[in-house]
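K.L.:
okay, structure incoming, though there's no sequence with it:
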């Protein structure tokens, strides 16, 4: 594939937006990139977030910090089938078909793939128009935005051959030209061939209570190296390899630990390992 030039001149600030593929319990592509560039870093992503949250945070960040041509803004759009709500803080439960915030009756009545596509493709189109003359930006995606179920795989539930039945892809095609032109290849496509089959096969022996479907730090680096025309320093590559190796050993050592303790332990040890982002959440009504 043809790599995209990351920037024409080094940015003074980097702003990143997305879901847990951008802000997680271990370093993500955003942390790696900010570490390599060494500039002021703002990470406005949130685990479980949908594209409504992401687009809202983009406008709030710009209103507060005024994006310029000296900034680099990178957006990782997420699975479209998500429901974000602000009510005394943001509620971002993740994929509508696997979350537990909205009951099954509500999901059956209101969860419609075409609604999600019309809503989120409009967000993407509007953000494109909003940013194109304001700052330097790139847009990518966690997954193929035509799919509403991000967990389609035949290797779920312990690696057996049971298939998770996915929701039908959206029929909305009005925005195809913009989506195909503006978005870089998804993480799923670059790392795992478009589905989680490969990821599950690689991770079932590593993770105890479930096969975590988030990229490991070394996979995040691979994604960046594949899609961007940018030479990462030897120090950055070495640092990511070191963290990844240590993380894998820590995960193995935590086998048998309950999920809550596992998440907390990994978060405390590895979150913001590379570069601490500027904390602007309260200012932007993040929580």
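P.N.:
Right, received. Where do you want to start? Everything quoted here is computed from the prediction, not taken from an experiment.

K.L.:
surely residue 251 meets residue 265?
P.N.:
No - between residue 251 and residue 265 no contact is recorded; they are 9.7 Å apart, counting by CB atoms under 8 Å. C-beta here means a position set from N, CA and C on the backbone, and glycine is covered the same way.

K.L.:
of these two, give the one with the bigger neighbour count.
P.N.:
For residue 251 versus residue 265, neighbours defined as other CB atoms under 10 Å are more numerous around residue 251 (20 against 16).

K.L.:
helices and strands of this protein: which one bottoms out on pLDDT?
P.N.:
Within the chain, no helix or strand scores below helix 156-159, which has a mean of 48 by mean pLDDT, DSSP states H and E.

K.L.:
beyond it, next helix or strand please.
P.N.:
Under the assignment DSSP states H and E, the closest C-terminal helix or strand after helix 156-159 is helix 176-182.

K.L.:
next, the buried residues of that next one.
P.N.:
Neighbour counts using 16 or more other CB atoms under 10 Å place 179, 182 of helix 176-182 among the buried residues.

K.L.:
what's next to it, contact-wise?
P.N.:
Contacts of helix 176-182 from elsewhere in the structure, counted by CB atoms under 8 Å, 6 or more residues apart in numbering, are 121, 124, 125, 128, 139, 145.

K.L.:
from the residues you listed, which is closest to residue 255?
P.N.:
residue 145 (35.2 Å; CB to CB).

K.L.:
and the closest residue to that closest one other than its chain neighbours, which of the three is it?
P.N.:
Leaving aside its sequence neighbours, residue 145 sits nearest to residue 80 (CB to CB, 6 or more residues apart in numbering; 5.7 Å). The three-state label for residue 80, taken from DSSP: H, G, I helix; E, B strand; the rest coil, comes out as coil.

K.L.:
what about residue 80, how many residues nearby?
P.N.:
Residue 80: 29 surrounding residues under other CB under 10 Å.

K.L.:
how near is it to residue 207?
P.N.:
Distance, residue 80 to residue 207, by CB to CB, to the nearest Å: 27 Å.

K.L.:
run through who's touching the helix or strand hosting residue 61.
P.N.:
Assessed by DSSP H and E, residue 61 sits inside helix 51-65. Contacts with helix 51-65, where a contact means CB under 8 Å, 6+ apart, come from 13, 15, 17-19, 42, 44-46, 67, 73, 75, 77-78, 80, 82, 84, 90, 92, 119-120, 123-124, 126-127, 130-131, 134, 280, 283-286.

K.L.:
filter those down to the buried ones, ChimeraX style.
P.N.:
Selecting the buried subset of the contacts of helix 51-65 in ChimeraX, with 16+ other CB under 10 Å as the burial test, is done by:
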select :13,15,17,18,19,42,44,45,46,67,73,75,77,78,80,82,84,90,92,119,120,123,124,127,130,131,280,284,286
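
K.L.:
take the contacts of helix 51-65 and keep only those in helices.
P.N.:
Counting by DSSP state H, the contacts of helix 51-65 place 119, 120, 123, 124, 126, 127, 130, 131 in helices.

K.L.:
so who does residue 98 touch?
P.N.:
Residues in contact with residue 98 (CB under 8 Å, 6+ apart) are residue 151.

K.L.:
with residue 207 instead?
P.N.:
By CB under 8 Å, 6+ apart, residue 207 lies in contact with residue 251.

K.L.:
now it: how far from residue 23?
P.N.:
20 Å.

K.L.:
swap in residue 248?
P.N.:
Going from residue 248 to residue 23 by CB to CB gives 21 Å.

K.L.:
do residue 103 as well
P.N.:
Residue 103 sits at a distance of 28 Å from residue 23 (criterion: CB to CB).

K.L.:
again, but for residue 82
P.N.:
As for residue 82, its distance to residue 23 is 15 Å (criterion: CB to CB).

K.L.:
any weak-confidence spans in the stretch 51-200 of the chain?
P.N.:
152-167 (pLDDT under 70).
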